[in-house]
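1. Kindly return the folded structure for what I paste below:
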Amino acid sequence: MSAAAARRRKQQQKRAAAPKPGESADPVQLRLDSLLDDPTLVEESVAYEALQLAQSSVRRNVKNGNFSGAVEVAYTTSVALLSKSGRVSVSSQLLAGLVQVLVETHTACTEEWVGRFRELDAAYLAALDADAKMDPAERGRLQRLHLHFLRKGLKWSNDLGTVKHGALGMHALLGQHCWRMSCDEAVVQAEPAAQHGEDDDEDDEDEMETSRVGLRNESVTHYALAEKVDVILEKLKSLPAPTEEEMKMGHTCPPAQRDALLTRSILVLLAIENLRDATILASSYLKDVETRPVDEIKKSYLDKTDGKAPSHIMFVCMLLRICEKDSKTAPLFTWLVRNFGAELGTMHQPEIIKTYTTKIGRVYFDIQPPPSMMDMMENMMSMMGGGGMGGMGGAPGGMNPAMMQAAMAAMQGGGM
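-> Residues are numbered from 1 along each chain as shown. Predicted coordinates for the structure are as follows:
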């Protein structure tokens, strides 16, 4: 064979071995793609191999500066593991890696990505529900892991999105999951040690309370931030009316869940200056949920001799009317909050409730809190967006994802 013929043969072999358009030349990715299409993916060992290959591929893509490729591998593999293998425990590890790579690569939060989180959430819960033989303790653990995933996703959307406090769709997912968890005995009856056993390496800001009351308070907070007033109303309808003990003047027990969640929702909406939805929620509650006559509630609120505690619905209605006025009504606001202070103090996390009323006083009535209270208030409000980066939350002058990605690429390429 002549030298020219040998060269042509080598060139033909090289072209035949080259990947076709759209195919990857990476053997790790090729093996991963093969496993994701393999019926044996339902086996735990195969699912774990796919997980390890995906993690390796993500790291390699990040190292090479292929940030979009890294997040695509993490996302598509997560969807496949959930929908094809049903191995929730394996998939939860890759979901944690997905959020991490979104943050590390400064990938911008877009509506497309919010939709992808919605798809992952649905696939995760479907796979969880499909395993009827799962141990309740394991089910509770996986639900808490998913709560961590959604919280970190919200934090990412707050830091690298365009909406202050995080994307509305992310808040809606969190609200839905928290309420779902509050109705699952495997979660709310878990021992404290079990609740935190798998989360010892998590940041303090991610510590979560999984009591029924705590989860439902977190749920309505996220629904309020998602502007899902109709959903809040439906949740309140499902709760029992206050008992005589809960309505008694000077009661030491917490207020009725229905009352407390209504008040918290209204305070959150007012704190983020959403007076419209706060008004809709209060009026709809009076019309569709409250069973006592309005005249009776009004009379009882100012009557100190009937033995009844001030009603929550009357408090929020009066608060709304005052917030509709100008700052000259500040003394009336101060009186109203002070008069209802004992009731607010019995609610879940009263220090956060105080933060909301302080923010409302500053926004609507120019009542400036002391410097120490101001710092605490800003920290608390930043937690609405998952505690991300001091509450930057997509505000003007915040992080620019495209600029950060360019800087990272330049550093990896030796340009900086």
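2. and stretch 311-325, which residues are buried?
-> Buried residues in stretch 311-325, defined by neighbour count with 16 or more other CB atoms under 10 Å: Ser311, His312, Ile313, Met314, Phe315, Val316, Cys317, Met318, Leu319, Leu320, Ile322, Cys323. Backbone N, C-alpha and C define where each C-beta goes, glycine included.
3. same question but for stretch 170-185, I mixed them up
-> 170-182, 184.
4. Same list (the residues you listed) but as CSV, adding distance to Lys248, pLDDT and secondary structure.
-> Converted to CSV, the buried residues of stretch 170-185 look like this (distance: CB to CB, whole Å; pLDDT from 0 to 100; DSSP: H, G, I helix; E, B strand; the rest coil):
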residue, distance to Lys248, pLDDT, secondary structure
Met170, 40, 98, helix
His171, 35, 98, helix
Ala172, 36, 98, helix
Leu173, 38, 98, helix
Leu174, 34, 97, helix
Gly175, 31, 98, helix
Gln176, 34, 98, helix
His177, 34, 97, helix
Cys178, 29, 97, helix
Trp179, 28, 97, helix
Arg180, 32, 96, helix
Met181, 31, 95, helix
Ser182, 26, 95, helix
Asp184, 32, 90, coil
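5. Show me where the stretch 101-250 of the chain dips below the pLDDT cut-off.
-> Judged by pLDDT under 70, the stretch 101-250 of the chain has its weakly predicted residues at 189-209.
6. Other residues contacting stretch 111-131?
-> 75, 78-79, 82-83, 86-88, 91-92, 95, 98, 102, 107, 134, 139, 142-143, 146, 150, 153, 157, 167, 169-170, 173, 176-177, 180 (CB atoms under 8 Å, 6 or more residues apart in numbering).
7. Which strands and helices lie in contact with the host helix or strand of Trp156?
-> Assessed by DSSP states H and E, Trp156 sits inside helix 136-160. Packing contacts for helix 136-160, counted by 3 or more CB pairs under 8 Å, 6 or more residues apart in numbering; DSSP states H and E, involve helix 88-104, helix 111-130, helix 168-182, helix 185-188, helix 192-197.
8. Figure out which of these is closest to Met347.
-> Judged by CB to CB, the one of these that comes nearest to Met347 is helix 168-182, at 16.4 Å.
9. related to what we said a few turns ago, where's the helix holding Trp156 relative to the chain centroid, distance-wise?
-> Averaged C-alpha coordinates place helix 136-160 at 7 Å from its chain's average position (CA atoms, centre = their mean, to the nearest Å).
10. ok and it relative to helix 111-130, angle-wise?
-> 180 degrees (axes from the mean of the first three to the mean of the last three CA atoms, to 10 degrees).
11. residues of helix 136-160 that come out buried?
-> Buried residues in helix 136-160, counted by 16+ other CB under 10 Å: 139-160.
12. Check the secondary structure at Leu270 for me.
-> helix (DSSP: H, G, I helix; E, B strand; the rest coil).
13. residues in contact with it?
-> Ala278, Leu319, Leu320, Cys323, Tyr356, Ile360, Val363, Tyr364.
14. got these as a markdown table, with distance to Glu246, secondary structure and pLDDT columns?
-> A markdown table is the format used below for these (distance: CB to CB, whole Å; DSSP: H, G, I helix; E, B strand; the rest coil; pLDDT from 0 to 100):
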| residue | distance to Glu246 | secondary structure | pLDDT |
| --- | --- | --- | --- |
| Ala278 | 23 | helix | 98 |
| Leu319 | 20 | helix | 97 |
| Leu320 | 23 | helix | 97 |
| Cys323 | 26 | helix | 96 |
| Tyr356 | 21 | helix | 95 |
| Ile360 | 25 | helix | 96 |
| Val363 | 30 | helix | 94 |
| Tyr364 | 29 | helix | 95 |
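15. Serialize those to CSV and add fields for distance to Glu244.
-> CSV is the format used below for the contacts of Leu270 (distance: CB to CB, whole Å):
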residue, distance to Glu244
Ala278, 29
Leu319, 25
Leu320, 27
Cys323, 31
Tyr356, 28
Ile360, 31
Val363, 37
Tyr364, 35
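16. Among these, which one lies nearest to Tyr48?
-> Of the contacts of Leu270, the one sitting nearest to Tyr48 (CB to CB) turns out to be Tyr356, at 45.2 Å.
17. Could you check how many residues crowd around the closest residue to that closest one other than its chain neighbours?
-> Distances taken as CB to CB, 6 or more residues apart in numbering place Leu267 nearest to Tyr356, at 4.0 Å, with adjacent residues excluded. For Leu267, the count of nearby residues is 24 (other CB atoms under 10 Å).
18. Please report how far Leu267 lies from Leu239.
-> 18 Å (CB to CB, to the nearest Å).
19. Same check on Thr279?
-> From Thr279 over to Leu239 (counting by CB to CB), the distance is 21 Å.
20. So between those two, which is more surrounded?
-> The residue with more neighbours, out of Thr279 and Leu239, is Thr279; 20 against 16, by other CB under 10 Å.
21. is it true that that one touches Cys323?
-> No. If you go by CB atoms under 8 Å, Thr279 and Cys323 don't touch, sitting 9.2 Å apart.
22. which neighbours do these two share?
-> By CB under 8 Å, 6+ apart, no residue touches both Thr279 and Cys323.
23. sorry, back to before: now the angle from whatever helix or strand the residue nearest to Tyr356 lives in to helix 168-182?
-> In the assignment (DSSP H and E), Leu267 maps to helix 257-271. Using the same axes, to 10 degrees, one finds that helix 257-271 and helix 168-182 are set 160 degrees apart in direction.
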